[in-house]
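Engineer: The following comprises the amino acid sequence and a computationally predicted model.
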Amino acid sequence: NQSITMIVGILLLVVGLAGAFQEPSALNKKRYDGYKLYSTVPTAKSQLDMLHNMMLNNVHVDFWKEPSHLRRKVEFLVAPQHQIVVATELRKAGLEFNVKVEDMQTQLTAMYEDMDRHRAGSPTPHIFGLNKYNTLDEINQFLSDTAANCVAPLSCELYSIGSSYEGRPINAIRIYQEGSDRKGFYIEATTHAREWITTSTITNIINTLAFRTDADAVRLTDDFDWYLVPVVNVDGYVYTDTNDRLWRKNRNPVGEACVGVDINRNYNWAWGEDGASHIPCGETYCGPSAGSESETQAVSAELVRLGPTLAGMVTLHSYGNMWMFPFGNTVNYTGEVCERAADHDELMRVADITVTAIEQTYNTQWDAGNSCEVIYATSGGTNDYAKGVAGIAYTYVPELRGESFIVPMEQIPEAYRETWNGIIAMAGAVVV
């Protein structure tokens, strides 16, 4: 009996320690039981206008693919208590719709279980990994380790471009060669906190460049300097890991009951116009004023600082297989004609070359073009500011792969590889 008691005690101790060191990924997070992801395709202007109005004014509808053009798919997430009202509005507008995901929690649960399996099978579950979703602490440790160990003849510098609302550093890494006078590229990710596939993609790119893991990386680090910011929205990213996987905005309290500004609507370029909400609880809330947010201010200053030295910049988003460029707004903000940059044709030439390289990687299909024309009208975005204010010639905003913001970890290598091939092609196509 004593032996049995001892064995049981040991087992309980082991289980207790395992729980202490490996908390289930889904514990204490917002649940999305019964949340449905709807899909519809507007075929009349009145339907498109209705969806656009819903996007800007109905805080209970979270648009994942925003209304843009006729006969282009629109997707949005709705909580159970609002589904009847939303469905009624859609039917009144004559919109046919279907449910793409019946229960969003099932996708989240599958993702968390996958993450837990990966941790359980890893001898170092809390160490950074290229093919998993990492915490902010793990990413910052990766940046520190990379800066200390990047291969000759490269030098790597870890630095902060500024701090977030909650006081976290927004870390960047510079990959360069001493004594060089070369143009550079700036790449950033995770402006929207829930777009985790962008975070894993940029950390893979950093690893490839800093350790020159292939011939293209050798050539590109010989030809250019690189500035990379893996997590712009550091507070939001931490929140997606600890509280709400589908959080989008930063964590600045706004109003009495709302939190967060959409950083990608807050830049001082056409601020507060097309595609931006002025309702604080809205997902695309543009903030109280242009450049009001700490994160926006940090990136803005860095883009202006680096602007004269850069050949191009890329701000990674997801999802949808698109490679876009300025401008996002319409002419005079009327919502009618998209505004094109003076060098639109040149931006399109490079985008076409980039997309061809991406598509050939896994035989996928991508769209390329002016972001207003390809997807929808927006204002206050990063790449528009980079072009219009910082004066960077080639600025791009891709929407990476995925059927939603929840991209399985097994697709991380594919997302990286096709994006890297696109960047290789882009760097080779720009006129320096």
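Structural biologist: Right, received. Where do you want to start?
Engineer: Distance from the chain centre to the helix or strand containing residue 53, please.
Structural biologist: For residue 53, the host element (DSSP states H and E) is helix 45-57. For helix 45-57, the distance from its own C-alpha centre to the chain's C-alpha centre is 24 Å (C-alpha atoms, centre = their mean, to the nearest Å).
Engineer: From the contact counts, what lies against that helix?
Structural biologist: Under the contact definition 3 or more C-beta pairs under 8 Å, 6 or more residues apart in numbering; DSSP states H and E, helix 45-57 sits against strand 61-65, helix 83-92. Every C-beta, even on glycine, is put in place using the N, C-alpha and C of the backbone.
Engineer: Could you identify which of those is most buried?
Structural biologist: strand 61-65 (a mean of 20; mean count of other C-beta atoms under 10 Å).
Engineer: any idea of the mean pLDDT for the following helix or strand past it?
Structural biologist: Downstream of strand 61-65, the first helix or strand assigned by DSSP H and E is strand 74-78. The average pLDDT for strand 74-78 rounds to 96.
Engineer: Now do strand 74-78: which elements does it pack against?
Structural biologist: strand 36-40, strand 61-65.
Engineer: That one versus helix 45-57: what angle between them?
Structural biologist: Orientation of strand 74-78 against helix 45-57 (axes from the mean of the first three to the mean of the last three C-alpha atoms, to 10 degrees) gives an angle of 40 degrees.
Engineer: returning to what we had before: just the residues contacting the helix holding residue 53, thanks.
Structural biologist: 40, 42, 61, 63, 66-67, 69-70, 74, 76, 86, 89, 93-95, 275-277, 279, 282, 284 (C-beta atoms under 8 Å, 6 or more residues apart in numbering).
Engineer: Please, a PyMOL command that selects the buried ones among these?
Structural biologist: Those of the contacts of helix 45-57 that count as buried under 16 or more other C-beta atoms under 10 Å are selected in PyMOL with:
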select buried, resi 40+42+61+63+66+67+74+76+86+89+93+95+275+276+277+279+282+284
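Engineer: who's in contact with residue 265?
Structural biologist: Residue 265 sits next to 271, 275-277, 284-287, 378-381 when contact means C-beta under 8 Å, 6+ apart.
Engineer: now the angle from the helix holding residue 53 to strand 36-40?
Structural biologist: 150 degrees.
Engineer: Against residue 132, how distant is residue 36?
Structural biologist: 29 Å (C-beta to C-beta, to the nearest Å).
Engineer: Mind jotting down where the helices sit in the protein?
Structural biologist: Applying DSSP state H to the chain gives helices spanning 2-21, 45-57, 83-92, 104-120, 136-149, 196-210, 215-223, 234-242, 294-306, 344-362, 371-374, 382-388, 412-429.
Engineer: who does the shortest one touch, helix- and strand-wise?
Structural biologist: Helices and strands touching helix 371-374, by 3+ C-beta pairs under 8 Å, 6+ apart, are strand 322-325.
Engineer: Okay, buried residues for the strand it packs on please.
Structural biologist: Here strand 322-325 shows 322-325 as buried, counting by 16+ other C-beta under 10 Å.
Engineer: could the helices and strands packed on strand 74-78 go into TSV alongside mean pLDDT and distance to residue 412?
Structural biologist: Putting these into TSV (pLDDT from 0 to 100; distance: least, C-beta to C-beta, whole Å) gives the following:
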stretch	mean pLDDT	distance to residue 412
strand 36-40	97	22
strand 61-65	94	20
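Engineer: Residue 62 is in contact with residue 76, isn't it?
Structural biologist: Yes: counting by C-beta atoms under 8 Å, residue 62 sits close enough to residue 76 to count as a contact (6.1 Å).
Engineer: ok, the buried residues of strand 322-325 vs residue 180, which is closest?
Structural biologist: residue 325 (27.3 Å; C-beta to C-beta).
Engineer: Is the closest one bridged to anything, and to what?
Structural biologist: Beta-bridge pairing for residue 325 (DSSP bridges): residue 370.
Engineer: Over to residue 318?
Structural biologist: Residues in beta-bridge contact with residue 318 (DSSP bridges): residue 400.
Engineer: quick one on the thing from earlier: closest to residue 112 out of the helices and strands packed on helix 45-57?
Structural biologist: Nearest of the helices and strands packed on helix 45-57 (C-beta to C-beta): strand 61-65, 19.6 Å.
Engineer: Can you list the low-confidence ranges for the stretch 51-200 of the chain?
Structural biologist: Along the stretch 51-200 of the chain, no part satisfies pLDDT under 70.
Engineer: re the thing from before, present the contacts of residue 265 as a markdown table; the columns should include distance to residue 193.
Structural biologist: Compiled in a markdown table, those are given as follows (distance: C-beta to C-beta, whole Å):
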| residue | distance to residue 193 |
| --- | --- |
| 271 | 21 |
| 275 | 19 |
| 276 | 18 |
| 277 | 17 |
| 284 | 14 |
| 285 | 14 |
| 286 | 17 |
| 287 | 16 |
| 378 | 18 |
| 379 | 21 |
| 380 | 17 |
| 381 | 16 |
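Engineer: Out of those residues, which one has the lowest pLDDT?
Structural biologist: Confidence-wise, residue 275 trails the rest of those, at 85.
Engineer: Of the helices and strands packed on strand 74-78, give the one that comes closest to residue 349.
Structural biologist: Within the helices and strands packed on strand 74-78, the stretch nearest residue 349 is strand 61-65; the backing value is 27.0 Å (C-beta to C-beta).
Engineer: strands paired with the closest one, and their directions?
Structural biologist: According to DSSP bridges, strand 61-65 forms sheet pairs with strand 74-78 (antiparallel).
Engineer: Now do the strand it pairs with: everything it contacts.
Structural biologist: Residues outside strand 74-78 that contact it (C-beta under 8 Å, 6+ apart) are 32, 35-42, 51, 55, 60-68, 86, 100, 104, 246.
Engineer: Over to stretch 230-239?
Structural biologist: The contact list for stretch 230-239, computed with C-beta under 8 Å, 6+ apart, reads 135-136, 139, 143, 164-166, 168-171, 188-194, 199, 202-203, 206, 247-251, 260, 263, 295, 299.
Engineer: And it, end to end?
Structural biologist: End-to-end distance for stretch 230-239, by C-alpha to C-alpha, to the nearest Å: 16 Å.
Engineer: Just give me how far it sits from the chain centre.
Structural biologist: Per C-alpha atoms, centre = their mean, the centroid offset for stretch 230-239 relative to its chain is 10 Å.
Engineer: likewise stretch 390-408?
Structural biologist: With C-alpha atoms, centre = their mean, you get 7 Å for stretch 390-408.
Engineer: pLDDT and distance to residue 214 added to the buried residues of strand 322-325, as CSV?
Structural biologist: Shown next, in CSV, are these (pLDDT from 0 to 100; distance: C-beta to C-beta, whole Å):
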residue, pLDDT, distance to residue 214
322, 96, 26
323, 98, 22
324, 97, 27
325, 97, 27
